[in-house]
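# after the sequence you'll find the predicted model.
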Amino acid sequence: MSRIYFDNAATTSLDSEVLDAMMPFLTEKFGNPSSVYSYGRETKMAIENARKQVAKILNCTPSEIFFTSGGTESTNTAVNAAIRDLGCKHIITSPLEHHATLHTVEHMAHYGHATLSLVNLTDKGHIDMAHLEELLAANKERTLVTLMHANNEIGNIMDIQAVGELCRKYDAIFHSDTVQTVGHYPFDLKNTYVHFINGAGHKFHGPKGVGILYVNENISIKPFLTGGAQERNMRAGTENLYGIVGFAKALEIATARYEQDSTYIGELKQYMAEKLNENFSGLTFNGDTNGKSLYTVLNVSFPMTEKTDMLLFNLDIAGICVSGGSACTSGASSVSHVIKAIHNGQSAQMVPIRFSFCRHNTKEEIDAVIEKLKTLL
């Protein structure tokens, strides 16, 4: 039985070209980048070349890019730094954020480090910009706004420029979780009002366990991890050498392929939506599916019945990999916090499934999934 993988928002397969770029650093180029001899200098140069490559693609300076273990560490670093180093006493976020953000800001609020406000959502699950401005205007203390660029479960895309301009107007610190968009959309950080963004290599056919944190050059923060001088004294610990090389290579490939891949994958998403509508009644598409939405993500709710109750489980048995939301809830029967938030708690009678696509998927795979759904439902 051949497996069909429609969970690319959770993680993607490693590109063979990326593996080829990583291989020398997994084998003969193994020196510690902090060592002064030639083996170390060679690997240190590879890291700095990767940094320059990433910075060029995102249109920022190499000194603004720090390599981390992934999106979660980057988010934790940004939120902690905003409170501890930048004087933020108030946090504005949304109920739709990834748990890497929500749990971190809730921790800050619980221990009295900052007050916490949740911005309202529109009926399609977008940030209510008028309410965001109300929250910014009403609070006299310095504020951290942390809002994701694109939602990992429903795919909604936020206008990062518009939110940035509001943050500029009210002198707020702005962090955007861009894990679902770095490697999928062009960035121009020099012309975007944002203090922190983050990325994760495994979301665009790079390796797992490596990410970036962009820190705007106009702010100064202290390390989140201490104990060494790596990453220009900003992140202690021996660098994930081959991961960093792989991250840069994957980003380079994704950027070069952006036009063709975004068009092709967007067509797959549209095709899947049409086929679901043709073959099943009572469906609800979650989020702004045909509007400001990721070309990679399609989230649909099936009505709760005896047949849909075990839908994720039965698709898994059939070799079809999908999820009920984020990767951390894959296979779980409970409805995610994102679906609950956009449906105002009226989510108990639905079974949400997230289909997320990449350049390796095909319409034939979609047809096969539709046929399997027909037999299951």
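That came in fine, so what should we check first?

# can you tell me, leaving aside adjacent residues, what's nearest to the most centrally placed residue in the chain?
The C-alpha lying nearest the average C-alpha coordinate of the chain belongs to V179 (C-alpha atoms, centre = their mean; 2.4 Å). Leaving aside its chain neighbours, V179 sits nearest to G71 (4.0 Å; criterion: C-beta to C-beta, 6 or more residues apart in numbering). Any C-beta I mention is one placed from the backbone N, CA and C, and that applies to glycine too.

# and the helix or strand containing D20, what other elements does it pack with?
Secondary structure assignment for D20, by DSSP states H and E: helix 16-26. Helix 16-26 sits against helix 241-256, with contacts defined as 3 or more C-beta pairs under 8 Å, 6 or more residues apart in numbering; DSSP states H and E.

# which parts of the stretch 1-150 of the chain are strands?
Ranges of strands in the stretch 1-150 of the chain, per DSSP state E, counting those that start in this stretch, are 4-5, 65-68, 90-93, 115-118, 143-146.

# just the stretch 251-377 of the chain next, same as before
Ranges of strands in the stretch 251-377 of the chain, per DSSP E, counting those that start in this stretch, are 284-285, 297-303, 320-321, 350-356.

# the first one packs against which elements?
The one in question is strand 284-285. strand 297-303.

# helices and strands around the strand it packs on, which ones?
helix 258-279, strand 284-285, strand 350-356.

# just checking: what are the partner strands of that strand?
strand 284-285 (antiparallel), strand 350-356 (antiparallel) (DSSP bridges).

# put together CSV for those, with mean pLDDT, distance to I47 and mean neighbour count on each row.
Listed next are those as CSV, based on pLDDT from 0 to 100; distance: least, C-beta to C-beta, whole Å; neighbours: other C-beta atoms under 10 Å:
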stretch, mean pLDDT, distance to I47, mean neighbour count
strand 284-285, 95, 43, 16
strand 350-356, 95, 31, 24
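
# distance to I91 added to these, as CSV?
Below are the strands paired with strand 297-303 laid out as CSV (distance: least, C-beta to C-beta, whole Å):
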stretch, distance to I91
strand 284-285, 31
strand 350-356, 27
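
# can you tell me which of these is nearest to N49?
strand 350-356 (31.3 Å; C-beta to C-beta).

# got the angle between the closest one and helix 258-279?
150 degrees (axes from the mean of the first three to the mean of the last three C-alpha atoms, to 10 degrees).

# so what's the closest residue to T104 other than its chain neighbours up against?
The spatially closest residue to T104, leaving aside those adjacent along the chain, is V79, at 4.7 Å (C-beta to C-beta, 6+ apart). For V79, the contact set (C-beta atoms under 8 Å, 6 or more residues apart in numbering) comprises 91, 101, 104-105, 108, 144, 146, 175.

# and with 10 Å instead?
Counting by C-beta atoms under 10 Å, 6 or more residues apart in numbering, V79 makes contact with 88, 91, 93, 100-101, 104-105, 107-108, 113-114, 144, 146, 173, 175, 196, 224.

# over to S38?
G31.

# how far away is it from N32?
Note on S38: its distance to N32, by C-beta to C-beta, to the nearest Å, is 12 Å.

# and T11, how many neighbours?
T11 is flanked by 16 other residues according to other C-beta atoms under 10 Å.

# phi, psi for it please.
phi -170, psi 160 (degrees, to the nearest 10).

# so what pLDDT did it get?
T11 is assigned a predicted lDDT (pLDDT) of 98.

# my guess is it meets K203, correct?
Yes: contact criterion C-beta atoms under 10 Å: T11 and K203 qualify, at 7.2 Å.

# surely A81 meets S220?
Yes: here A81 reaches S220: they are 9.3 Å apart, a contact under C-beta under 10 Å.

# more neighbours: these two, which one.
Here A81 and S220 are compared on neighbour count by other C-beta under 10 Å; more neighbours surround A81, at 25 against 9.
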